[in-house]
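> Okay, structure incoming, though there's no sequence with it:
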């Protein structure tokens, strides 16, 4: 079975590092990564814990397929109680760190307590020890990674770390690995910083063994890769255009939230999408996009590597931003662009680089800036308070506020608390485009009914990756449903949420599901782990994980009232495009969703549901 079979437990208060056997019953029931890491967290941490206290724990977890030849097997998950939302936080990242950690012989690492001084964890196969990180505190993610690789004298060491944002307690601080891959959402980086934990440096040379049936596994892997290669999205669209291929698509269906969801289409979308990245600039004749890039073991390669216009105002006298580096993904381009009415592609890339460099979530950052710009437009906030004229569409304002936020300066400190706290402070909580305190990503829940329900019910707050109904409602995968129609969406959302939980827990990337269903995951899991992982069993495991997360949130104090959307999405209709006149029909969908889930009217799993799922 392709689990390593052991975990690391690090007590930061005592400074100890111990090896423990993996709980194999939990592994069978919750698979790995998101599911298994969350099981450990909910068993060990009170749901009412202060997320930034020493009593909270934070877990890095891989899946049984992480580090194997399965396509996209480089994923890992960071699990904790999130400071942005107060709910379960579970943030997934790609790159190479997850596979390296698994190949060092570990399934997960649990950090508890708080170190009296800055430290990092060094792992080299069986060697695992805490080391002083005082010289790294205050450094960016980029400088931390360079310093550790130099001091360890091994360029193949993989680093997962925080920048200044995590140290400063930005509530949407990210954990970043391989310079520009991130466990980006819910503030997992702030929890890491609260524990004086700067980084985890890993070198793994063991590989991943223990495959149950190597021949069957490799046959299933080969078949899965063929499906990915022959699919229009995973075989052509994502490699060529990346996720940015969605910018024009979502804008055309009238679902691109613009200027803090005041509008649902952006007149500047053509300037900030995939086509713009691949078009030579008028200024220097060069394209922003340099090439695509893959994470460990990935046959899709959706990542972008970009290079800025050296003459752009944002990087004058800043040579560190002129080289090829991580480029814009769709969600970041939307949050930094359309959400604020900014159509300057170079300014978006500059802000994106700052998010990577210092470790913040560009979705929550950009969406919070959108709320600030609306408050400024209303006259609630002034130039004197913010430090700049914060007009919608200002690239200068975007760049300035990005610098202030990542460095913890001025009004950036307020932005770093997220839109829910900021808008409430200034008397307009209705202007936070969020659910459970986490900002929405790049799809309007009025124009795409299912994704609105997915936002409201997501266990980690506003999120598209917990049930990506865009696949069905816009792209027709696996079946086409009408985005403007609410009928049938509760069952669709539940099916996507459960399947996604299973994929997340395997250690594979959710982007495979543009081409794969559970029928493609099951034979790989059976070959690697256990014949019991049938399609039906994986769906049930996904449902078990979803309900486990829900129960944690319920114990933390969340109720059915928190399964909500902002008044704007429920009462202010879309102004233009195919969705003109539409609001989200949440009140119609929610009772049917609870019924499909087997929950009572208060959003609590019934005794029968818990018994059926073994909770």
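Yep, that arrived. What you see is a predicted model, and the numbers here were worked out from it, not measured in a lab.

> So which residues of the stretch 301-450 of the chain form helices?
Secondary structure of the stretch 301-450 of the chain (DSSP state H, counting those that start in this stretch): helices at 330-336, 345-358, 362-377, 383-386, 395-406, 412-415, 419-425, 449-457.

> Tabulate those (a markdown table), appending mean pLDDT, mean neighbour count and distance to residue 598.
Placement of C-beta: from N, CA and C, glycine included. Converted to a markdown table, those look like this (pLDDT from 0 to 100; neighbours: other C-beta atoms under 10 Å; distance: least, C-beta to C-beta, whole Å):
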| stretch | mean pLDDT | mean neighbour count | distance to residue 598 |
| --- | --- | --- | --- |
| helix 330-336 | 98 | 29 | 32 |
| helix 345-358 | 98 | 27 | 39 |
| helix 362-377 | 98 | 27 | 31 |
| helix 383-386 | 98 | 14 | 47 |
| helix 395-406 | 98 | 23 | 42 |
| helix 412-415 | 98 | 20 | 40 |
| helix 419-425 | 98 | 20 | 30 |
| helix 449-457 | 98 | 29 | 14 |
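
> Would you reformat the ones you listed as CSV and include distance to residue 162?
Formatted as CSV, the helices of the stretch 301-450 of the chain follow (distance: least, C-beta to C-beta, whole Å):
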stretch, distance to residue 162
helix 330-336, 18
helix 345-358, 9
helix 362-377, 15
helix 383-386, 26
helix 395-406, 12
helix 412-415, 17
helix 419-425, 21
helix 449-457, 27
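
> And these: which comes nearest residue 204?
Taking C-beta to C-beta, helix 345-358 is the member of the helices of the stretch 301-450 of the chain nearest to residue 204, at 23.9 Å.

> my guess is residue 600 contacts residue 606, does it?
Yes: using C-beta atoms under 8 Å, residue 600 is in contact with residue 606, at 5.7 Å.

> what residues are shared contacts of these two?
In terms of C-beta atoms under 8 Å, 6 or more residues apart in numbering, residue 600 and residue 606 are not both contacted by any residue.

> top helix in the protein by residue count?
Longest helix in the chain, counting residues (DSSP state H): helix 535-555.

> If you count contacts, what does whichever helix or strand comes after it end up packed against?
For helix 535-555, the following helix or strand on the C-terminal side (DSSP states H and E) is helix 567-571. Judged by 3 or more C-beta pairs under 8 Å, 6 or more residues apart in numbering; DSSP states H and E, the packing partners of helix 567-571 are helix 586-597.

> got the angle between the helix it packs on and helix 449-457?
70 degrees (axes from the mean of the first three to the mean of the last three C-alpha atoms, to 10 degrees).

> buried set for helix 586-597?
586, 589, 590, 592, 593, 594, 597 (16 or more other C-beta atoms under 10 Å).

> Over to stretch 226-244?
So for stretch 226-244, counting by 16+ other C-beta under 10 Å, buried means 227-228, 231, 233-235, 237-239, 241-244.

> same question, stretch 210-230
211, 212, 216, 217, 218, 220, 221, 224, 225, 227, 228.

> ok, of those residues, which one's closest to residue 15?
Once C-beta to C-beta is applied, the member of those that ends up nearest residue 15 is residue 211, at 36.2 Å.

> and the closest one, what element?
Under the assignment here (DSSP H and E), residue 211 is part of no helix and no strand.

> Am I right that residue 80 sits in a strand?
Yes: per DSSP: H, G, I helix; E, B strand; the rest coil, residue 80 lies within a strand segment.

> Excluding chain neighbours, give the residue nearest to it in space.
The spatially closest residue to residue 80, leaving aside those adjacent along the chain, is residue 58, at 4.1 Å (C-beta to C-beta, 6 or more residues apart in numbering).

> I'd assumed residue 192 was in contact with the one you found.
Yes: between residue 58 and residue 192 there is a contact under C-beta under 8 Å: 6.2 Å.

> any residues in contact with both of the two?
The contact sets of residue 58 and residue 192 do not overlap (C-beta under 8 Å, 6+ apart).

> related to what we said a few turns ago, which two of the buried residues of stretch 210-230 have the greatest separation?
Farthest pair in these (C-beta to C-beta) is 212 and 228. Separation: 22.8 Å.

> Just give the number of residues close to residue 162.
Neighbour count for residue 162, taken as other C-beta atoms under 10 Å: 31.

> Surely it and residue 195 touch.
No: between residue 162 and residue 195 there is no contact under C-beta under 8 Å: 10.2 Å.

> Show the contacting residues for residue 492.
Per C-beta under 8 Å, 6+ apart, neighbours of residue 492: 450, 469, 472, 481.

> Apologies, that question was intended for residue 515.
227, 228, 230, 231, 233, 234, 235.

> TSV please, covering these and showing distance to residue 498, pLDDT and secondary structure.
Formatted as TSV, these follow (distance: C-beta to C-beta, whole Å; pLDDT from 0 to 100; DSSP: H, G, I helix; E, B strand; the rest coil):
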residue	distance to residue 498	pLDDT	secondary structure
227	21	98	helix
228	22	98	helix
230	26	98	helix
231	22	96	coil
233	21	96	helix
234	21	97	helix
235	26	97	helix
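
> For the residue nearest to residue 80, give its distance to residue 190.
As judged by C-beta to C-beta, to the nearest Å, residue 58 and residue 190 stand 10 Å apart.

> Next: residue 344.
Look at residue 344 and residue 190: by C-beta to C-beta, they are 29 Å apart.

> Which of those two has more residues huddled nearby?
In terms of neighbours (other C-beta under 10 Å), residue 190 is the more surrounded of residue 344 and residue 190; the figures are 31 against 23.

> hang on, that one in a strand?
No: with three-state DSSP as the criterion, residue 190 is helix rather than part of a strand.

> Could you double-check that it sits in contact with residue 167?
No: if you go by C-beta under 8 Å, residue 190 and residue 167 don't touch, sitting 9.0 Å apart.

> returning to what we had before: who wins for most neighbours among the contacts of residue 492?
Result: residue 450 is most packed of these (other C-beta under 10 Å), 31 neighbours.

> SS state for the residue nearest to residue 147 when sequence neighbours are not counted?
Distance criterion C-beta to C-beta, 6+ apart; nearest residue to residue 147, sequence neighbours excluded, is residue 136 at 6.1 Å. Per three-state DSSP, the local secondary structure of residue 136 is coil.

> who are the neighbours in contact with residue 136?
By C-beta under 8 Å, 6+ apart, the residues touching residue 136 are 118, 120, 144, 147, 148, 198, 199.
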